[in-house]
Structures are given as structure tokens and as C-alpha cells.
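Engineer: here you go, sequence then predicted model.
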Amino acid sequence: MTTMTPFAVSNVTPEDFARLLSDLRNVLQAVPVSDQLWDAAAIGNWMGLSPDTVADAVVVREGFPAPVQPTDARHGKRLWFADEVIQWARANRGRLPKGRGRPRRA
């Protein structure tokens, strides 16, 4: 019995797949910040905060950009334009929550 790999079903070699994946990453990274939509996790990643801190202490602040809600669902996922978040953060840099940093070893 032979072992099937995902590549055995098609003519795509592992090298081709790696190249295609690299090309896809380049395309995705080429999206301008002004066109990117960030969720709380992406905002937290950029600010060095947890998604919960972003949801509880950042996006609720006065003047924070209004979210884009792709659906009419009341609890639908909220997204923000990345450039608006960055602009707001620069204008409010002294009042942002502090991240916890790494846990210290005892």
C-alpha cells in the first residue's frame, strides 16, 4: 500500500507549493495599510496588547474610530481601518493602556 500525500493527487510539487505560498504572502503583504481592516487581535498585535485589553480598554475610548461591521448582526465581528487606528494611536500615545509584557520568572 502506498502512502498518499497532498501532492500525489495533483501535479504540484512541494517546491511549486512553497513558491506559490511565498507569492501569496507577498501579495497579501502588498495590501496598503489604508485598505487593511484589523480586528481586535490585529490591533492588539500592533499595540502589544491582548485582544481582550483592546476590546475592553481601547476601542471604547472617546474618539476611537468607528468600526466597520460587514453584517447587520448585532454581535457581528467589528473591524477597523488600520490607518485610522494608527492615526488615533499616534494622537493618543500618552493615554494608551500599558501592555503587561512578558511574565517574570521567579
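Structural biologist: All right, it came through fine. These figures come from a predicted structure and were not determined experimentally.

Engineer: contacts, neighbours, all on C-alpha from now
Structural biologist: Noted.

Engineer: could you count how many residues lie near the closest residue to residue 40 other than its chain neighbours?
Structural biologist: In space, and not counting its chain neighbours, residue 40 is closest to residue 51: 5.1 Å by Cα to Cα, 6 or more residues apart in numbering. Using other Cα atoms under 10 Å, the number of residues around residue 51 comes to 18.

Engineer: pull the contacting residues for residue 51.
Structural biologist: Residues counted as contacts of residue 51 (Cα atoms under 8 Å, 6 or more residues apart in numbering) are 40, 41, 42, 43, 44, 45.

Engineer: do I have it right that the fourth one meets residue 52?
Structural biologist: Spelled out, that is residue 43. No: judged on Cα atoms under 8 Å, residue 43 makes no contact with residue 52 at a distance of 10.7 Å.

Engineer: what about these two, which has more around it?
Structural biologist: Neighbours were counted for residue 43 and for residue 52 using other Cα under 10 Å; residue 43 has more, 23 against 12.

Engineer: after the helix or strand where the more buried one lies, which helix or strand is next? Please name it.
Structural biologist: Here residue 43, judged by DSSP states H and E, is contained in helix 40-47. Scanning forward in sequence from helix 40-47 by DSSP H and E, the next helix or strand is helix 51-53.
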